[in-house]
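Colleague: Just need the structure, nothing else, for what follows:
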Amino acid sequence: MNAGKLGGNAVTYRPKQQLVDGFFIIKNKEQVDERIFTMLDLKFLRENPEIVKKNIQNKFQDSKLPLVDEVIELDKQHRAAMQEADELRMSRNRASKQIGGLMAKGDKEGAEELKKIVAQGAARLAELSTLEDELAEKIRVIMMTIPNIIDPSVPIGRDDSENVEVERFGDPVVPDFDIPYHTDIMENLSGLDLDSARRVAGNGFYYLMGDIARLHSAVISYARDFMIDRGFTYCVPPFMIRSNVVTGVMSFAEMDAMMYKIEGEDLYLIGTSEHSMIGKFIDTIIPEAELPHTLTSYSPCFRKEKGAHGLEERGVYRIHQFEKQEMIVVCKPEDSPMWFEKLWKNTVDLFRSLDIPVRTLECCSGDLADLKVKSLDVEAWSPRQKKYFEVGSCSNLGDAQARRLKMRVVGESGKYLPHTLNNTVVAPPRMLIAFLENNLNEDGSVNIPVALRPYMGGKEKIVPSK
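Modeller: Down below sits the predicted model:
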């Protein structure tokens with residue numbers, strides 16, 4: 001048996017789990033349950049209820065603890081109904097043969113008696129079919145809210161204030177002149193118009209103008225080519241997705257906090273291209289030889305961003321519409337730890353190529369969305385605030401999205417669920433805040449790093465027009 005640590009308590013996992021680089025990898029290539037696709041393996045919950053409960057406690061979601069016993073009882077009823085139905089079908093098949101034999105012998109009376117028994121069995125089968133569907137739906141709804149098992153390496157903490165710094169890249173610098181708020185920098189460069197945007201669309205929107213708009217596009221184009229050079233396939237996905245994709249890629253809580261619904265349509269605006277990129281594989285069987293799928297995608301993103309936010313999250317920091325370059329990977333379970341490391345390093349390398357110091361933070365248990373196994377944030381240095389702030393997030397979701405979207409891989413040893421990962425390459429205009437602050441000169445001009453100059457028409461500097 002493989003053993004590991006989950007929140008400080010020793011636990012034992014099934015033989016079909018393997019510890020790889022700190023990750024517990026479920027490697028079940030024998031059978032994929034085709035009936036109830038949820039976030040967590042129902043068989044795993046049935047066999048390891050205490051592990052699931054401990055995981056819920058480690059995520060500080062104690063209100064969900066009773067759901068474990070509830071779903072176990074519903075599962076017991078569901079399997080009992082299935083067994084009774086199977087026995088009735090076998091009995092019906094036997095009776096059908098006997099009826100034929102009795103009719104051949106001329107025993108019509110005996111045949112009619114058996115037909116009555118078969119009819120009673122048919123009525124009970126109809127009841128059981130309805131019961132199976134009802135129980136399966138109840139199980140599915142509950143299982144969609146029970147969080148995925150976090151990786152043993154994840155630090156236990158209540159919220160993002162308990163995330164753990166891992167490593168810093170580049171030397172943070174605070175210049176000997178005052179750095180203005182990011183909206184003032186942009187406006188001084190004639191590059192931002194918030195007033196017009198409020199009149200047109202309300203708060204949380206913006207007009208980028210002139211060289212700032214060009215810089216925005218340059219960063220996106222540079223990020224696209226950066227990822228293509230690292231072997232990723234470039235994609236432009238649909239910017240709207242159906243509800244079955246939404247519930248396949250994210251939790252109900254995330255969906256309510258983020259997604260905009262298109263009135264009268266079964267369509268939602270995407271909050272990130274990861275949603276439609278992972279959705280690309282919904283209800284598909286992927287030949288193992290095709291793995292890994294490594295994709296980088298561009299899209300606009302739309303988010304509700306509910307709740308009040310502080311001064312540092314105003315301007316163009318927390319907004320309803322922005323653009324992003326994303327990376328996603330679909331791979332074999334045993335390869336996901338390796339891809340997790342590669343993905344966040346891509347973001348670090350991109351920011352360092354633009355002279356922006358960054359650090360990585362290990363997300364604690366309470367800061368992980370329910371589908372995530374492990375997550376690492378990349379934060380950029382803000383000379384104005386004299387601290388780091390989030391510019392990207394790298395996540396391993398294990399097989400949770402694959403299970404919910406009915407993604408399967410077929411290989412020599414049978415069908416199994418792949419792992420999915422995603423990471424932000426770059427997301428302006430938030431990223432522009434870090435870029436402008438770290439490349440600002442005392443006279444208000446902004447230096448253009450060498451890597452970006454080909455995308456800026458050869459410009460070495462953006463200069464205030466006034």
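Colleague: What are the boundaries of the strands in the stretch 251-400 of the chain?
Modeller: Ranges of strands within the stretch 251-400 of the chain are 260-261, 268-269, 285-287, 293-302, 321-331, 358-362, 374-382, 387-396, based on DSSP state E, counting those that start in this stretch.
Colleague: So for residue 455, which of those strands sits nearest?
Modeller: strand 321-331 (13.0 Å; Cβ to Cβ). The C-beta positions use only the backbone N, C-alpha and C, and glycine is treated the same way.
Colleague: Are there helices or strands packed against the closest one, and which ones?
Modeller: Packing contacts for strand 321-331, counted by 3 or more Cβ pairs under 8 Å, 6 or more residues apart in numbering; DSSP states H and E, involve helix 210-229, helix 273-279, strand 293-302, helix 336-353, strand 419-426.
Colleague: Neighbouring strands - and their directions - for that strand?
Modeller: strand 293-302 (antiparallel), strand 419-426 (antiparallel) (DSSP bridges).
Colleague: Would you mind giving the orientation angle of it with respect to helix 210-229?
Modeller: When axes from the mean of the first three to the mean of the last three Cα atoms, to 10 degrees is applied, the directions of strand 321-331 and helix 210-229 differ by 0 degrees.
Colleague: Would you mark the buried spots in strand 321-331?
Modeller: 321-331 (16 or more other Cβ atoms under 10 Å).
Colleague: what residue ranges in the stretch 101-250 of the chain score low on pLDDT?
Modeller: Where the stretch 101-250 of the chain drops to pLDDT under 70, the residues are 102, 104, 111-112.
Colleague: contacting residues for residue 375?
Modeller: 363, 367-369, 393-396 (Cβ atoms under 8 Å, 6 or more residues apart in numbering).
Colleague: ok, now with 6 Å
Modeller: 363, 368, 395 (Cβ atoms under 6 Å, 6 or more residues apart in numbering).
Colleague: mind checking pLDDT for the second one?
Modeller: Predicted confidence (pLDDT) at residue 368: the value is 94.
Colleague: Roughly how far does the closest residue to it other than its chain neighbours sit from residue 53?
Modeller: The spatial neighbour of residue 368 that comes closest, neighbours along the chain excluded (Cβ to Cβ, 6 or more residues apart in numbering), is residue 375 at 5.6 Å. Counting by Cβ to Cβ, to the nearest Å, the separation of residue 375 from residue 53 is 22 Å.
Colleague: show me where the protein has helices.
Modeller: 42-47, 49-58, 65-105, 108-143, 182-188, 194-201, 210-229, 243-249, 252-258, 273-279, 336-353, 400-405, 430-438 (DSSP state H).
Colleague: picking that back up, so which of the contacts of residue 375 is the closest to residue 337?
Modeller: Using Cβ to Cβ, the contacts of residue 375 come closest to residue 337 at residue 395, 12.9 Å.
Colleague: still on that earlier bit, would you list the helices and strands packed on strand 321-331 in CSV and tack on distance to residue 137 and mean neighbour count?
Modeller: Below are the helices and strands packed on strand 321-331 laid out as CSV (distance: least, Cβ to Cβ, whole Å; neighbours: other Cβ atoms under 10 Å):
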stretch, distance to residue 137, mean neighbour count
helix 210-229, 40, 19
helix 273-279, 22, 26
strand 293-302, 30, 20
helix 336-353, 30, 20
strand 419-426, 25, 27
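Colleague: I am finished for the moment; much appreciated.
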